[in-house]
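S.K.: make a model of this:
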Amino acid sequence: MYTIRAYSYRRARDLGVTIKPSRNRTKKLDVFDRQGKKLASIGAQGMNDYPTFMATRGKVYADKRRRLYKIRHTKDRTKRGTAGYYADKILW
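M.R.: Just a heads-up that it's a prediction; the model follows:
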């Protein structure tokens, strides 16, 4: 099971959403708006993310992986309200 780190909680709060462990076993997090409506399930289970890399491999490696993630997901991470957008803002 995925451990939600303080980094992700802070990023979600800054976006005005809340996060909880996903009920979809293939995803890490469910994102909800202020009224409790589910917006998206984000983060593939089994894949690492920025807070995980920071905790296990250090900042230099995490920054390198973040840069590559952002290049790889340019199209889907820029459309506000999509799962890719929330994954980028909360997990990366």
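
S.K.: now for the closest residue in space to residue 12 that isn't next to it in sequence, how many residues are close by?
M.R.: Computed as CB to CB, 6 or more residues apart in numbering, the closest residue to residue 12 that is not its neighbour in sequence is residue 19, at 4.6 Å. To be clear about C-beta, it is placed using only N, CA and C from the backbone, and glycine gets the same treatment. Here the count is done by other CB atoms under 10 Å, and residue 19 has 22 residues near it.

S.K.: before we move on, what about residue 61?
M.R.: Neighbourhood size, residue 61 [other CB under 10 Å]: 12.

S.K.: could you check how far it is from residue 76?
M.R.: Distance from residue 61 to residue 76, counting by CB to CB, to the nearest Å: 24 Å.

S.K.: in the lengthiest helix in the chain, what's buried?
M.R.: When every helix of the chain is counted residue by residue (DSSP state H), the longest turns out to be helix 59-72. For helix 59-72, a neighbour-count test (16 or more other CB atoms under 10 Å) marks 62, 65, 66, 69 as buried.

S.K.: ok now that helix, how far from the chain's centre?
M.R.: 14 Å (CA atoms, centre = their mean, to the nearest Å).

S.K.: what do you get for stretch 41-56?
M.R.: With CA atoms, centre = their mean as the basis, the mean position of stretch 41-56 lies at 7 Å from the chain mean.

S.K.: which residues sit against it?
M.R.: 2, 5, 7-8, 22, 24-31, 61-62, 65-66, 69, 83, 86-87, 90-92 (CB atoms under 8 Å, 6 or more residues apart in numbering).
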